[in-house]
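In: Mind folding the following:
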Amino acid sequence: MAGQVIVQSIPLVERLTEFLKDFRAPDGREKYREMIRRMSAENSVSLVVDFEDILLYDKTLADTLTETPSVFLEAASKAVYEVMSVENPEYAQRVRDFHVRIRKLPEALHVKIRDVRAKHLGKLLAIEGIVTKISPVKHELIVGVFRCKTCGHEQEVKQESEGFTKPTVCPRCEEEGRRSQGFTLVIEKSKFVDIQKFVLQEKPEELPPGQLPRSIDVVVREDLADIVRPGDRATVIGFMRVEEDKKLLKNTPPIFHPYIEANYIEVATKESLDVEITPEDEKKILELSRREDIEELILNSIAPSIYGYKEIKRAVALLLFGGVPKIYPDGVRVRGDIHILLIGDPGTAKSQILRYVASLAPRGIYTSGKGASAAGLTAAVVREKNSGEFYLEAGALVLADGGVACIDEFDKMEARDRVSIHEAMEQQTVSIAKAGIVATLNARASILAAANPVFGRYIPGKNISENIDLPVTILSRFDLIFVIKDTPNRERDRELAQYVVDFHGETYPEALSHTVPADLLKKYVAYARKNIRPKLSAEAKSKIVEYYVAMRSKSEDPNSPIAITPRQLEALIRLAEARARLHLRPVVIEEDAETAIELMEFFLRNVGIDTQTKTIDIDTIMTGQPKSKREKIITILDTIRHLVKENNGECVEIKTVIEELTSRGIDESMVREVIESFVREGELMTPRRECIKPVNI
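Out: Numbering: from 1, shown residues only. Okay, the predicted model is just below:
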């Protein structure tokens, strides 16, 4: 049988050698001969061949490739060696084992992960998906050189795909009538290749409704190792193989686990947003962008079943389009993605908005802060159950790279996610170092998050940091924050009820007829993100600068709170660029800047405000304490220190402190709250009941 395969493969090698020598591109050049000549200069061992070229040259060759890819690729490797032996004999002798990588498979050979079946075993196919887990690169023994422990004779043993094969006898010892005492693997003379495994999962946007995503293992070798990272969207071309499930019990039917032996990998760029836009689609998109009411149309199309929320829908629309990321000459990267946080009372449709945006955004992912995945929101190192190997697993933000991550229950995220989310939101990367795996993954995604108030409902008399269980370091990274309050209002409640009732009946609200179909809107967003990179006009720059300086000038008085910081300035630029993208404009005009300023003003008036003085104070978000409260805290601590000094360094009664401070107009409840807080943090100590003193006087 083995001899038959050799006889069959000889003409195949010859035909493939002729193909590599003779195939000419449309311009007449020797396409693959030239590529083989360049391989030695580039120190490459792989030749990339287009499937359509093989089909054009010889349909029988193409059929052999699709039906028996392993036989074809082995013959193709020999054919490259034959041609290289003529072009560069020295390089051919040095490398010997060349690889042919096949790309550009026809649609007929593209198979969805959930459609992979036993009939595909050993056949050439292409599968697309998102890389969720990846192992470190290891080294696989291909040809082992073994030294006899008795006589020192060395022999080569080609390794099979399963297990570790050692020689059984030593030919020299056998000739001399001795018995070998065993063999030692000579590492430096053996041949190893890089090997890596990763898991390819169905794309979220391709999932059938109500189905869990399916995945398949992929094995890559040599120059294909370390091409992909968790979160990458990739097309893998290869052939299906199976391995025995080693965890099966005795007397059970033999079950084999499928995997893809990769031959070629194409990683999608961030710009290719997995949305196919035909010339007809492009025509519709451009026609739509020329409409005067395009902005109103798009706003009406954002979660149309939800009544009201005009400012929130406008902000969410701008989040979908996003600003333009920039890399400064000194290498600093500034994100273009917009982050928005919704804080709301129960039943205010936060989750519905998130779900709708996830379905609308190219590469949209919906998840919960308290997700079950080990990778959480960022990334994690997990141990694979069957093999015990460590894998790097991507979380929601990494999987949403290049799109939008919609995170519900954001305030309930895991503790380790709270640490790494800072980096993910601003630097847009996720770094991890655990179990010998050190990696930095891209997380270039916009974040639309929803959170619940700590008291069940949002309390207007308290600042935002008191209303939500999130550290200010995370709050300050959001470009816009919206508070959704469920406040009874007879007129508004009637309108909302009528809107909902109309939706449940057959008479849909009139506004619904003034929308863009979801499929077209998704393509419109993808087109804008890919093709439009607007630049600020002089008028837009002037408008933003004037607003920023005017807001800062309010803070020049030492007694005034800081109204705005450079973080909000960058947010204004992102919002203005996003509105220009919404209109498919290459330039940010003054009107775009005005819309960005209006949204920023709405955010500052509703969230960035000191509830005591009713003035805009960005420190309520940036530090968690408005200036007025911060000054009172300083007064409380200074008073305690002063009273302790007067008491010869001994602790003072809390009652005495309260009497002193209430005479200065500070509320008793606030004094007690500050004292309790600083005792917890270790700034104050209580040597005895109801008696305090600073830890360091």
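
In: which residues in the stretch 151-300 of the chain form strands?
Out: With DSSP state E, counting those that start in this stretch as the criterion, the stretch 151-300 of the chain has strands at 154-158, 183-185, 191-201, 215-221, 233-244, 256-267.

In: What of the stretch 351-500 of the chain?
Out: Per DSSP E, counting those that start in this stretch, the stretch 351-500 of the chain carries strands over the ranges 364-368, 379-383, 390-394, 404-408, 429-434, 437-442, 446-451, 480-484.

In: The residue nearest to N606 when sequence neighbours are not counted and R605: what is the separation?
Out: Of all residues not flanking N606 in the chain, V483 sits nearest, at 5.8 Å (C-beta to C-beta, 6 or more residues apart in numbering). For the C-beta atoms, the positions are set from N, CA and C on the backbone; glycine is no exception. Going from V483 to R605 by C-beta to C-beta, to the nearest Å gives 11 Å.

In: Now for the residue nearest to N606: which residues touch it?
Out: 343-344, 458, 464, 467, 606-607 (C-beta atoms under 8 Å, 6 or more residues apart in numbering).

In: Pull out the buried members of those residues.
Out: Those of the contacts of V483 that meet the buried threshold are 343-344, 458, 464, 467, 607, by 16 or more other C-beta atoms under 10 Å.

In: any idea which of the residues you listed is closest to R680?
Out: Proximity of the buried ones among the contacts of V483 to R680, judged by C-beta to C-beta, is greatest for N467, which lies at 19.9 Å.

In: For the closest residue to the closest one other than its chain neighbours, list the residues it contacts.
Out: Excluding the flanking residues, the one nearest N467 by C-beta to C-beta, 6+ apart is P453, at 4.9 Å. Residues near P453 by C-beta under 8 Å, 6+ apart: 343-345, 459, 467-468.

In: Which of these fall in helices?
Out: N467 (DSSP state H).

In: in the sheet, who's paired with the nearest residue in space to K350 that is not next to it in sequence?
Out: Setting aside the residues directly before and after it, K350 is nearest to A450 in space (C-beta to C-beta, 6+ apart), at 3.9 Å. As for beta bridges, A450 partners with L342 under DSSP bridges.

In: and the residue lying closest to T184 once chain neighbours are set aside, which of the three is it?
Out: Excluding the flanking residues, the one nearest T184 by C-beta to C-beta, 6+ apart is R147, at 5.0 Å. Recorded secondary structure, R147: strand (DSSP: H, G, I helix; E, B strand; the rest coil).

In: gap between R147 and Y548?
Out: Here R147 is placed at a distance of 75 Å from Y548 (C-beta to C-beta).

In: Now do E681: how many residues are near it, please.
Out: Using other C-beta atoms under 10 Å, E681 is surrounded by 9 other residues.

In: Nearest to S44, out of the contacts of V483: which one, please.
Out: Using C-beta to C-beta, I343 comes nearest to S44 of the contacts of V483, at 54.4 Å.

In: which residues does that closest one contact?
Out: Each residue near I343 by C-beta under 8 Å, 6+ apart is listed here: 450-453, 458, 464, 467-468, 481-484.

In: repeat that with 7 Å
Out: 451, 453, 458, 467-468, 481, 483 (C-beta atoms under 7 Å, 6 or more residues apart in numbering).

In: And N467, by the same measure?
Out: 343, 453-454, 458-459.

In: go with 10 Å
Out: Neighbour list for N467: 343, 451-455, 457-461, 483, 607, 611 [criterion: C-beta atoms under 10 Å, 6 or more residues apart in numbering].

In: Give me the most central residue, this protein.
Out: With distances taken as C-alpha atoms, centre = their mean, V398 lies nearest the centre of the chain, 2.0 Å away.

In: Setting the sequence-adjacent residues aside, check what's closest to that residue.
Out: V398's closest residue in space is G231 (C-beta to C-beta, 6+ apart), at 3.7 Å.

In: Domains in this protein, by residue range?
Out: Following automatic domain parsing, the chain resolves into domains at 2-104, 113-267, 279-531, 627-694.

In: Tell me the buried residues in stretch 639-658?
Out: For stretch 639-658, by 16+ other C-beta under 10 Å, it's 639-640, 643-644, 651-652, 654, 656-658.

In: What is the nearest of the residues you listed to K197?
Out: Lowest distance from K197 to those (C-beta to C-beta) belongs to I640, with 60.9 Å.

In: How much space separates that closest one from T686?
Out: Counting by C-beta to C-beta - I640 and T686 are separated by 12 Å.

In: Pull up the overlap in contacts between these two.
Out: Common neighbours of I640 and T686 (criterion: C-beta under 10 Å, 6+ apart): 651, 654, 675, 692-693.

In: mind listing which of those residues are in helices?
Out: Secondary structure from DSSP H places 654, 675 of the shared contacts of I640 and T686 in helices.

In: Without its sequence neighbours, what residue ends up closest to I142?
Out: K191 is the one closest to I142 (C-beta to C-beta, 6+ apart), at 4.7 Å.

In: Hmm, E222 and that neighbour touching each other?
Out: No - K191 lies out of contact with E222 (C-beta atoms under 10 Å); the separation is 11.2 Å.

In: Could you name every residue contacting both of the two?
Out: 97, 140, 142.

In: Which pLDDT does the model give the residue nearest to the second one when sequence neighbours are not counted?
Out: Take E140 and drop its neighbours on the chain: the residue closest to it by C-beta to C-beta, 6+ apart is I195, 4.2 Å away. Here the pLDDT value assigned to I195 is 88.

In: cool, and D63?
Out: 90.

In: got it, and K246?
Out: For K246, pLDDT reads 65.

In: How about Q625?
Out: Q625 carries a pLDDT score of 64 in this model.

In: And the shared contacts of K191 and E222, which is closest to I294?
Out: Among the shared contacts of K191 and E222, E140 lies closest to I294 (C-beta to C-beta), at 56.0 Å.

In: pLDDT on stretch 641-651, on average?
Out: Here the average pLDDT along stretch 641-651 is 86.

In: so how far is it off the chain centroid?
Out: Averaging C-alpha positions (C-alpha atoms, centre = their mean, to the nearest Å) puts stretch 641-651 55 Å from its chain's average.

In: same deal with stretch 139-151?
Out: Using C-alpha atoms, centre = their mean, the distance from the centre of stretch 139-151 to the centre of the chain it belongs to is 43 Å.

In: list the buried ones in that stretch?
Out: Buried residues in stretch 139-151, counting neighbours by 16+ other C-beta under 10 Å, are found at 141, 144-148, 150.

In: pLDDT of it, averaged?
Out: The model assigns stretch 139-151 a mean pLDDT of 86.
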